[in-house]
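K.L.:
Got a predicted model here, sequence first, then my questions.
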Amino acid sequence: MNVRPASLRLFLAKNGIFAALILLIALFTLLNGNFFTLGNAQNILLQSSELAIVVIPLAFLLMSGSVDLSIGSVASASAVSSALVMSQTGNTLLGIGVGLLLGLVAGALNGLLVAYGGLNPIVVTLGFLSVWGGFAQLITGGKTVQRSSLPDDFRGLGTASVGPIPIQIVLLVVVIALGWYFLRRNRLGKEILAIGGNERAAHLMGVNVRLRRFQMFLASGVAAAIVGILLTAKVQSASPTIGSGMELQALTVVLLGGVAFEGGMGRISGVVAGLLFFKVLSNGLVFLQVSPFLQTMLVGATLIVAVALDRSIQRTLKRAWGQMGKRSVDEASDDREKSAVGE
């Protein structure tokens, strides 16, 4: 079978993360025989659930050519806001509602300034990263809302399940399924990719670019709030830094998953593989008893590698597509020449 180099490079650029995930699992299994077990697989999925909720909206944002770097602080602010309301009123639904409202407001502010104000999304969301982080510290005085202050029914949310399946894994599957549906089976996904590929062309095609981008920021803000609330229920307390670093983890996962930082390209399957790669790496390092400080360094290094891979993949795809396009033109020219001489 004759495999063209351009086709091979294109295949590797699109699917390298899947091979890397398999190799990483094999490596940790060799280093520790207890790594590859059903119990640890479930543990990895449980650890992946909260991050998946913010990763999918962030992936859509990047596909549209934008980004949200405030999600970690929004998660923290929503977590402590909902926890404080519950501790004061004893009302779980009211507390959750306040947390979700804060996420909605955060997403709306980002969307208004970026989509309608035309401001740079990196600058805006980095600014709100500090704003919401400071807000979380301000309303708590820098202290953690303790377990004893939270209602019993809310604390039970952290250990809830659907039959034998933990609620976190159910949410993981639902979020991934919704992401896949909206990207591949819904008009929204096509419009998001069109905006990221060529914003002006998408506008001329009738896509409401500003509205779509605004909606993506809303989704990102609400997703961050949901994660903050879920983490509070899971750890049975609300720290003003509970979402710290989440934005870097989510961005690393999305870039590892093959979503182009410049927009216009991405797959949910790739994002899921990137998510699993990141969590398998974190879990494996714990198994090997690697220092938490070194783990933090490796997370940063992984982000740098992800950015480098993103750049490399874009160059590979452009080169491969360019060669394929040239070959198509050459083949068409040959056909015209054969036609002209009666072949």
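P.N.:
Received it, and whenever you're ready, just let me know what you need.
K.L.:
low-confidence ranges in this structure?
P.N.:
Within the chain, the segments meeting pLDDT under 70 span 1-14, 310, 313-314, 316-343.
K.L.:
can you give me the helices in it?
P.N.:
5-31, 38-63, 71-89, 92-111, 121-140, 152-155, 167-184, 187-197, 199-204, 209-235, 246-256, 268-287, 292-340 (DSSP state H).
K.L.:
which strands and helices sit next to the shortest one?
P.N.:
The reference is to helix 152-155. Helices and strands touching helix 152-155, by 3 or more CB pairs under 8 Å, 6 or more residues apart in numbering; DSSP states H and E, are helix 92-111. Every C-beta, even on glycine, is put in place using the N, C-alpha and C of the backbone.
K.L.:
Just the buried residues of the helix it packs on, please?
P.N.:
Residues of helix 92-111 classed as buried: 92, 95-96, 98-100, 102-107, 109-111 (neighbour count, 16 or more other CB atoms under 10 Å).
K.L.:
cool, stretch 294-302 as well?
P.N.:
Quick answer for stretch 294-302 (16+ other CB under 10 Å): 299, 302.
K.L.:
got the CA positions of that stretch in PDB?
P.N.:
Taking C-alpha atoms only, stretch 294-302 is exported to PDB below (Å, rounded to 0.1, in the frame of the first residue of the first chain):
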ATOM      1  CA  LEU A 294       7.300  18.700  40.900                       C
ATOM      2  CA  GLN A 295       3.800  17.800  39.700                       C
ATOM      3  CA  THR A 296       3.000  21.500  39.500                       C
ATOM      4  CA  MET A 297       6.100  22.100  37.500                       C
ATOM      5  CA  LEU A 298       5.200  19.300  35.100                       C
ATOM      6  CA  VAL A 299       1.700  20.800  34.600                       C
ATOM      7  CA  GLY A 300       3.300  24.000  33.400                       C
ATOM      8  CA  ALA A 301       5.800  22.100  31.300                       C
ATOM      9  CA  THR A 302       2.800  20.200  29.700                       C
END
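K.L.:
still on that earlier bit, pick the most deeply packed of the helices of the chain.
P.N.:
With neighbours defined as mean count of other CB atoms under 10 Å, those peak in mean count at helix 71-89, which reaches a mean of 27.
K.L.:
which strands and helices sit next to that one?
P.N.:
When contacts are defined as 3+ CB pairs under 8 Å, 6+ apart, helix 71-89 sits against helix 38-63, helix 92-111, helix 121-140, helix 209-235, helix 246-256.
K.L.:
tilt between the second one and helix 121-140?
P.N.:
What that stands for is helix 92-111. Relative orientation of helix 92-111 versus helix 121-140 (axes from the mean of the first three to the mean of the last three CA atoms, to 10 degrees): 150 degrees.
K.L.:
Output the helices of the chain in JSON lines; the columns should cover distance to Glu262.
P.N.:
Shown next, in JSON lines, are the helices of the chain (distance: least, CB to CB, whole Å):
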{"stretch": "helix 5-31", "distance to Glu262": "15"}
{"stretch": "helix 38-63", "distance to Glu262": "9"}
{"stretch": "helix 71-89", "distance to Glu262": "20"}
{"stretch": "helix 92-111", "distance to Glu262": "19"}
{"stretch": "helix 121-140", "distance to Glu262": "12"}
{"stretch": "helix 152-155", "distance to Glu262": "41"}
{"stretch": "helix 167-184", "distance to Glu262": "17"}
{"stretch": "helix 187-197", "distance to Glu262": "7"}
{"stretch": "helix 199-204", "distance to Glu262": "11"}
{"stretch": "helix 209-235", "distance to Glu262": "15"}
{"stretch": "helix 246-256", "distance to Glu262": "11"}
{"stretch": "helix 268-287", "distance to Glu262": "16"}
{"stretch": "helix 292-340", "distance to Glu262": "7"}
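K.L.:
For the closest residue to Gly274 other than its chain neighbours, grab the count of nearby residues.
P.N.:
Nearest non-adjacent residue to Gly274, counting by CB to CB, 6 or more residues apart in numbering: Gly257, 3.0 Å away. Number of residues near Gly257 (other CB atoms under 10 Å) recorded here: 25.
K.L.:
Start at 31, not 1
P.N.:
OK, 31 is where the count begins now, so the last one is Gly287.
K.L.:
Hmm, Gly287 is touching Gly300, no?
P.N.:
Yes: assessed by CB atoms under 8 Å, Gly287 is found in contact with Gly300 at 4.1 Å.
K.L.:
Next, the contact list for the spatially most central residue of the chain, please.
P.N.:
The centre of the chain sits closest to Val85, judged by CA atoms, centre = their mean, with a distance of 1.7 Å. Contacts here follow CB atoms under 8 Å, 6 or more residues apart in numbering; on that basis Val85 touches 280, 283-284, 301, 305.
K.L.:
Any chance of TSV for those residues, columns distance to Gly188?
P.N.:
Converted to TSV, the contacts of Val85 look like this (distance: CB to CB, whole Å):
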residue	distance to Gly188
Ala280	21
Val283	23
Val284	26
Val301	25
Leu305	21
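K.L.:
which pair in those residues spans the largest distance?
P.N.:
Farthest pair in those (CB to CB) is Ala280 and Val301. Separation: 10.1 Å.
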